[in-house]
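In: My questions are about this predicted structure, shown below with the sequence.
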Amino acid sequence: MLTERTESWGSAAYLANSGSEANEAAVGMATQIQEARGRSHVPIVVLSHGYHGSTSLLRHLSMGGQFAPKALGLGVEVRYVDCARWMHMVDDYATYARAFTQSLADAISGCSYGAEPAGIVIIEPWLNVAGGYTLPQETLRIAEESCREQGAILIVDEVFTGFGRGGALSFALASGINPDLITLSKGLTNGTVPLSVTLVSTPIANELSRLPRVFAGHTMSGNALAAEAAIASLGEFDDHGVWSRVSRVAEVVKDASQVFTEQGVGHHTFGTCVSIHLHTDGDALTLSRFCSDRGVVARRQSNSLMLIPALTSAECDLLAAIDVIAAGTSEIELGRATIAEEKN
Ligand SMILES: Cc1ncc(COP(=O)(O)O)c(C=O)c1O
């Protein structure tokens, strides 16, 4: 059911329970393939502010490895492509976007490391856990091109951006990118029951089928309840026009977020989400309390506040939510907001 929706791109799907497990499975499959191709060393390229999950391996591949259990001695070479400058850039995006995508290509080819090419590249299309930052527009295309040139396997982690959040089943496929593996979760069961999936492109599925064994699977993988929930969720998407409503939500969020440009408040929109970037973590806390006092729940992450609306939100609710956030940002900019600790 899932691979059919990717047209001719994919032909296998491995079910698991969490986004972390789907990414572990993807990295495991990619490693097995690289070993079968004859590589004994499989460096992994990730973005410094990407997040892929909470297992020991994925913590090394997430957020620059800051939460990784280093004493476990991973034994894998991880190359972090620095996103910090991009995230804090206020002008001259074009120059930095070029520098960023060049450093990504260099990490994949290994040339800037005086080393061999990467074996695996894993990227999330929007830096979700880092606070909600879009990447330079060409990032996925350059990653795909460089992976093809260097024989690396490209995993696009769509645990957050998939299932409508980024506007389509897969943001990457909808953008004309052909990853080798795509991971999905959250919207797969509409957040009701844990379920995730590693989707496998047809060429990679063919390579996997020649291996003696693919090591992926858990006790509860694809259990009956989760599978029923996914079928019901897909039914909702297809039969109740959710895909077109998602596009409308994305348009409304993008248009309404112009208010932040007018206010000079840093923000990024991605599909149905908008993230506001404030000067300090304290400002974001103030804003999140300002919003929740007025019935708007937005997720705070360091100095950012992210609105992640329901995919079927009514236009008036979206506009009202963005109005509340904008009222809050203007209060904060004027230094008029009282922080909750002071208020209480
Ligand atoms: C992009 C991305 N990848 C992976 C994960 C990990 O998923 P889980 O928490 O289900 O293990 C998350 C969770 O937020 C995520 O946003």
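Out: Yep, that arrived. Residues are numbered from 1 along each chain as shown.
In: Could you pull out the helices in the stretch 1-150 of the chain for me?
Out: 19-36, 56-61, 84-87, 93-109, 139-150 (DSSP state H, counting those that start in this stretch).
In: Return the list of helices and strands in contact with the third one.
Out: Applying 3 or more C-beta pairs under 8 Å, 6 or more residues apart in numbering; DSSP states H and E, one finds that helix 84-87 makes contact with helix 93-109. For every residue, glycine as well, the C-beta is placed using N, CA and C.
In: Please save the CA atoms from the helix it packs on in PDB.
Out: This file holds the C-alpha atoms of helix 93-109, laid out as PDB (Å, rounded to 0.1, in the frame of the first residue of the first chain):
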ATOM      1  CA  TYR A  93      21.800  33.600   2.000                       C
ATOM      2  CA  ALA A  94      22.800  32.900  -1.600                       C
ATOM      3  CA  THR A  95      26.600  33.000  -0.800                       C
ATOM      4  CA  TYR A  96      26.300  30.900   2.300                       C
ATOM      5  CA  ALA A  97      23.900  28.400   0.600                       C
ATOM      6  CA  ARG A  98      26.500  27.800  -2.000                       C
ATOM      7  CA  ALA A  99      29.200  27.300   0.600                       C
ATOM      8  CA  PHE A 100      27.000  25.000   2.600                       C
ATOM      9  CA  THR A 101      26.100  22.700  -0.300                       C
ATOM     10  CA  GLN A 102      29.700  22.700  -1.300                       C
ATOM     11  CA  SER A 103      30.800  21.500   2.200                       C
ATOM     12  CA  LEU A 104      28.100  18.800   2.000                       C
ATOM     13  CA  ALA A 105      29.400  17.700  -1.400                       C
ATOM     14  CA  ASP A 106      33.000  17.700   0.000                       C
ATOM     15  CA  ALA A 107      32.000  15.700   3.000                       C
ATOM     16  CA  ILE A 108      30.400  13.100   0.700                       C
ATOM     17  CA  SER A 109      33.300  12.900  -1.600                       C
END
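In: so what secondary structure elements neighbour it?
Out: Applying 3+ C-beta pairs under 8 Å, 6+ apart, one finds that helix 93-109 contacts strand 44-47, strand 78-81, helix 84-87, helix 139-150.
In: Stretch 204-220 near the ligand at all?
Out: No - residues of stretch 204-220 contacting the ligand under C-beta under 6 Å from any ligand atom: none, with a closest distance of 12.1 Å.
In: That stretch: which residues count as buried?
Out: With burial defined by 16 or more other C-beta atoms under 10 Å, the residues of stretch 204-220 counted as buried are I204, A205, E207, L208, V214, A216.
In: And T192, what's its pLDDT?
Out: Per-residue pLDDT puts T192 at 92.
In: Please consider this matter closed, and thank you.
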